[in-house]
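Colleague: for reference, the sequence and a predicted model appear below.
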Amino acid sequence: MKLTSVLAAGTAAVLAVGLAACGSGGDGGDGGDGGASGASGDVTMTMLPKNLGNPYFEASTAGAQEAAGELGATVEEVGPDTASPDSQVPFINTAAQQGVSALIVSANDPTAIGDALDEAKSAGTKVVTFDSDTEPQFRDLFVNQASAEGIADKQLELISDQIGGEGEIAILSASANATNQNAWIKLMEEKLASDYPDIELVETAYGDDDDQTSFDKTAALLQSHPDLKGIVSPTTVGIAAAARYVSTSEYKGKVAITGLGTPNQMREYVEDGTVEAFALWNPNDLGYLATEAAAALVAGDITGAEGDTFEAGRLGEYTVGADGVVVLGEPFVFDKSNIDDFDF
């Protein structure tokens, strides 16, 4: 998969800067060139991913801690072991009771945690969602990794190229309630109908962002659909599990696996030919930006209104869009030619 030179160069530059910053430590020594002006001292934040033990969220938390170090704030990561709809509620309640300055949440469900977030906001806690949103009324800002349209389009481009533009495909998603996954899948379904008439989506399966469940769902998809030519998994846990299954099966080289993954978890499958190409953004940068946005809210530099602008440290200036959404950037494609340039 070849990107235009502008996208490749621009995105690679952003990723390279982000990766270099990962090693700079969290002592705040490089934090003098930007960031929320009032975020210092007693600013405390709680980072609440969908679930713990997920490499994607480990990277986003590392970015959050990097930003917090530069800002003089503190970030504590908490979360459930499994990504079920209401599993985050107790952690939200605890954070609100502790009086944290801000909550940074990747929502497992758009509404199930709404009441808890409302109570946290009423107690004075700023709420920033990242990666996966709630309904807008439950938060102050949503830091989106990329536009939903861009993510959907890129995954369809990848699978179409890899299966020759025709045949049966399946989607291996996270949980059935994951707002980001469902938004991308809906757009992919619409785009398939309008722009890819020779590609048929035969099933959408849910691995619940669990490695073994996703592995088993991959096996079931391949057994249920003997003519399947490709699987798109818009979740880092799912794509790695699908690739692991296919890599030692009769389907290697016959069924394409693509979607959203991290370079470190996908490297072996790219190198052994199981996976040709996949996409993502830098989750470290996503956590970093979410923390900078939360700090700007706490400092009163922004309110979350459309048109608000804030400085996000090494990432530069960002503008809040409609419905309180801040977009990190465009998806980036990883393949054998570039995957060794990245380490996350």
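Modeller: On my side now, so go ahead. Numbers count the residues shown, from 1 in each chain.

Colleague: confidence score at Asp343?
Modeller: Note for Asp343: predicted pLDDT of 82.

Colleague: assumed it was part of a helix.
Modeller: No. Under DSSP: H, G, I helix; E, B strand; the rest coil, Asp343 sits outside any helix and is assigned coil.

Colleague: could you measure from it over to Asn282?
Modeller: According to CB to CB, to the nearest Å, Asp343 stands 11 Å off from Asn282. Heads up, the C-betas are built off the backbone N, CA and C, glycines and all.

Colleague: give me the more crowded residue out of those two.
Modeller: Per other CB atoms under 10 Å, whichever of Asp343 and Asn282 has more neighbours is Asn282, with 29 against 11.

Colleague: phi, psi of Glu190?
Modeller: With angles defined as degrees, to the nearest 10, Glu190 sits at phi -70, psi -40.

Colleague: use 4 as the first number from now on
Modeller: Shifting the count to begin at 4 puts that one at Glu193.

Colleague: separation between it and Gly168?
Modeller: Counting by CB to CB, the gap from Glu193 to Gly168 is 18 Å.

Colleague: what number of residues lie near Ala293?
Modeller: Counted with other CB under 10 Å, Ala293 comes out at 32.

Colleague: kindly report the same for Asp156.
Modeller: Neighbours of Asp156 under the rule other CB under 10 Å: 17.

Colleague: just Asp84 next, same as before
Modeller: Residues near Asp84, counting by other CB under 10 Å, number 10.

Colleague: what do you get for the one 5 residues further on?
Modeller: The burial count assigned to Asp89 is 13, neighbours taken as other CB under 10 Å.

Colleague: and Gly241, what does it touch?
Modeller: The neighbours of Gly241, taking CB atoms under 8 Å, 6 or more residues apart in numbering as the test, are Leu175, Ser176, Ala177, Gly210, Asp212, Ser217, Gly262.

Colleague: was I right to think Asp275 contacts Ser250?
Modeller: Yes. Using CB atoms under 8 Å, Asp275 makes contact with Ser250 at a distance of 6.2 Å.

Colleague: which one's more surrounded, these two?
Modeller: Using other CB under 10 Å as the criterion, Asp275 and Ser250 rank with Ser250 on top: 16 against 12.

Colleague: my read is that the more buried one contacts Met269, right?
Modeller: No. Counting by CB under 8 Å, Ser250 stays clear of Met269, with 10.9 Å between them.

Colleague: one step back: which of the contacts of Gly241 tops the neighbour count?
Modeller: Counting neighbours by other CB under 10 Å, the top entry in these is Gly262, with 30 neighbours.

Colleague: Phe218 reaches Ser250, doesn't it?
Modeller: No. At 11.2 Å, Phe218 does not count as touching Ser250 under the criterion of CB under 8 Å.
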